[in-house]
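[1] compute the structure for the input listed below.
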Amino acid sequence: MKTLTHNQLIQILQANKGTQIIGIQALTDSKARKTNNPFGVIFKKVRATGFVGVDYQQSVEREAVRQGTDSTDFQAEKLPWGKWLLPNKVIEHNQKFYLRTSATPGQRKRHQAKVLGYYDASGNRLQGDKVKPFLPSRRESNKQQEDAGLAGTVDVRAYAFDSIQKVRVKGETYKLVA
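    Numbering: from 1, shown residues only. Okay, the predicted model is just below:
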């Protein structure tokens with residue numbers, strides 16, 4: 001498998017001025033509950049597809065039209081942390097890079113994220129049924145539900161480049177390395 005550095009990925013994303021689909025495999029902190037959790041930090045390996053370069057405000061407005069709701073009260077807030085290195089694609093924060101992906105309910109239905117496994121801090125695989133009681137439940141955006149009337153919301157994620165193991169971009173799969 002070919003490798004791609006963080007800077008090379010940024011160059012590929014920068015070369016494409018519009019929105020593009022991207023596939024990733026990442027190992028992320030699942031933000032597990034700490035109370036009575038015998039596992040400590042629980043990492044989740046996930047394979048997901050999303051879009052980069054999506055204007056969040058416009059995406060919520062288009063989704064409201066699809067769902068037949070009124071989005072006139074919805075106003076996207078500014079980026080709550082970090083700064084845009086590439087608008088709507090890459091965030092820079094504390095000298096680290098984050099890939100921002102977006103997906104609508106319809107896109108998530110067609111390209112479902114798949115959990116490949118759960119792991120402890122030492123890399124040992126954990127049984128999914130044993131860790132599930134400690135994992136947070138998926139929540140929809142309250143702001144999108146209240147201000148735009150969306151039942152299914154636009155899902156926005158920021159993946160630390162360091163957590164991305166593989167990336168599929170422009171029809172090619174790469175191992176992402178620092």
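[2] got phi/psi on Gln75?
    Gln75 has phi and psi values of phi -130, psi 120 when expressed as degrees, to the nearest 10.
[3] show me what the lowest-mean-pLDDT helix or strand in the chain is packed up against.
    Within the chain, judged by mean pLDDT, DSSP states H and E, the helix or strand with the poorest mean is helix 105-110; its value is a mean of 84. Applying 3 or more CB pairs under 8 Å, 6 or more residues apart in numbering; DSSP states H and E, one finds that helix 105-110 contacts strand 43-52. Where C-beta positions appear, they are placed from N, C-alpha and C, glycine not excepted.
[4] what is the rounded mean pLDDT of the strand it packs on?
    Averaging pLDDT along strand 43-52 gives 95.
[5] so how far is it from its chain's centroid?
    6 Å (CA atoms, centre = their mean, to the nearest Å).
[6] following the longest helix seen in the chain, which helix or strand shows up next?
    Criterion DSSP state H: the longest helix present in the chain is helix 56-67. Sequence order places strand 83-86 as the next helix or strand after helix 56-67, per DSSP states H and E.
[7] can you give the contact residues for that next one?
    Residues outside strand 83-86 that contact it (CB atoms under 8 Å, 6 or more residues apart in numbering): 10, 13-14, 90-93, 97.
[8] can you tell me which two in the residues you listed are farthest apart?
    Farthest pair in the contacts of strand 83-86 (CB to CB) is Gln14 and His93. Separation: 18.0 Å.
[9] circling back to that earlier point, relative to strand 43-52, how tilted is the longest helix of the chain?
    Here the directions of helix 56-67 and strand 43-52 differ by 80 degrees (axes from the mean of the first three to the mean of the last three CA atoms, to 10 degrees).
[10] which of the residues in helix 56-67 are classified as buried?
    56, 59-61, 63-64, 67 (16 or more other CB atoms under 10 Å).
[11] just curious, which of those residues is nearest to Thr104?
    Nearest to Thr104 among these, with distances taken as CB to CB, is Glu63, at 5.4 Å.
[12] do you know how far the spatially closest residue to Thr101 that is not a sequence neighbour is from Val156?
    Leaving aside its sequence neighbours, Thr101 sits nearest to Gly50 (CB to CB, 6 or more residues apart in numbering; 2.9 Å). The gap separating Gly50 from Val156 is 9 Å, by CB to CB, to the nearest Å.
[13] many thanks, I have nothing further to ask.
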